[in-house]
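Undergrad: Generate coordinates for the sequence data below:
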Amino acid sequence: MSEIAAEQTPDRKRFIATLIGFSAVLMWALLALFTAASGAVPPFQLSAMCFAIGAAIGFAANRRRKIRRAQRAAIPWQAYALGIGGLFGYHFLYFTALRHAPAVEASLICYLWPMLIVTGSALMPGERLGWHHLVGVICGFAGTALIVTGGEGFSLKTEYLYGYAIAIVAAFTWSSYSLLSRRFSAVPTDIVAWYCVATAILSALAHLALETTIWPQGMTQWLAVVGLGALPVGAAFYFWDYGVKHGDIQVLGASSYAAPLFSTIILIAVGMSQASWAIALACLLITGGAAIAAKDLLLARMRKNAAI
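TA: Down below sits the predicted model:
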């Protein structure tokens, strides 16, 4: 039994890390609700506020864990460059895309990143891209397209080509950050707090250069901002970092399409959206696709539980 348990340890850690990474997807499902409840705060200002909160959470946790300075000093500068470029770069490009293209098309193009993670993982050492990964991610993207467009389709117009191009770069930015983070698996997730600090500062500078300051009005809007900083624009990035470094990155990529689905379900539950045939079909596509993509992971767990 001890030998079996020892053999299970790496797989168990991978499974748990995948679940931790997926919890970030669940937090991102709250993004639309909290953003809507935060009022008319401009996007870069909101980003600066939320990442500042996310950084504070990280530093509080780091202080409790008493991370040694020697550990921080050993972290290569490339890890900082990757993390800051991933967090700030993606959000800067996403907000820029929304400024230069319709929200539906820009959002859908940006949400190519889970597909890019799955396909790009084939280039990583020790990873193998199977047919079920491709089927799963295609189903997920189809379901996301139904949610974003409401089943009414969309059209790409030449006058928005710049915005579409920026959205594509945003998708590659987040997928590249997620994939390349695997190269720094030895770097502790605590470093994300510094990513958040830098992203908050850069977002504040972008806000001062591009936007007019509008503060939240009333307790509800302030609580929404705190909620954003604590979960989808805070803790989620710590959990995602750990997941992509130590979990099944292909499963995480395919299952990320659950975020817009859960987000829509939450909006329906609170009366901010309505159920439709498109959402029902999207639910089947996304959940089915995630299950197909996770086939190997789930079957391995079932076989090992049976062996015990």
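
Undergrad: what's the neighbour count on the nearest residue to residue 127 once chain neighbours are set aside?
TA: Nearest residue to residue 127, sequence neighbours excluded (Cβ to Cβ, 6 or more residues apart in numbering): residue 121, at 4.8 Å. For every residue, glycine as well, the C-beta is placed using N, CA and C. Residue 121 has 24 neighbours, counted by other Cβ atoms under 10 Å.

Undergrad: and the closest residue to residue 187 other than its chain neighbours, how many neighbours?
TA: Leaving aside its sequence neighbours, residue 187 sits nearest to residue 79 (Cβ to Cβ, 6+ apart; 4.9 Å). Burial of residue 79 is recorded as 18 neighbouring residues (other Cβ under 10 Å).

Undergrad: Let me know whether residue 79 touches residue 191 as I believe.
TA: Yes: counting by Cβ atoms under 8 Å, residue 79 does reach residue 191; the two are 6.4 Å apart.

Undergrad: And the residue nearest to residue 187, how close does it get to residue 117?
TA: 19 Å (Cβ to Cβ, to the nearest Å).

Undergrad: where are the low-confidence patches of the chain?
TA: Applying pLDDT under 70 to the chain flags residues 1-8, 64-73, 298, 300-308.

Undergrad: May I see the buried residues of the helix or strand that contains residue 264?
TA: According to DSSP states H and E, residue 264 maps onto helix 258-269. By 16 or more other Cβ atoms under 10 Å, the buried positions in helix 258-269 come out as 258-267.

Undergrad: could I get those residues as TSV with distance to residue 178?
TA: Converted to TSV, the buried residues of helix 258-269 look like this (distance: Cβ to Cβ, whole Å):
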residue	distance to residue 178
258	16
259	14
260	17
261	20
262	19
263	19
264	23
265	24
266	24
267	26
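
Undergrad: Let me see the backbone angles for residue 257.
TA: The phi/psi pair for residue 257 (degrees, to the nearest 10) reads phi -70, psi -10.
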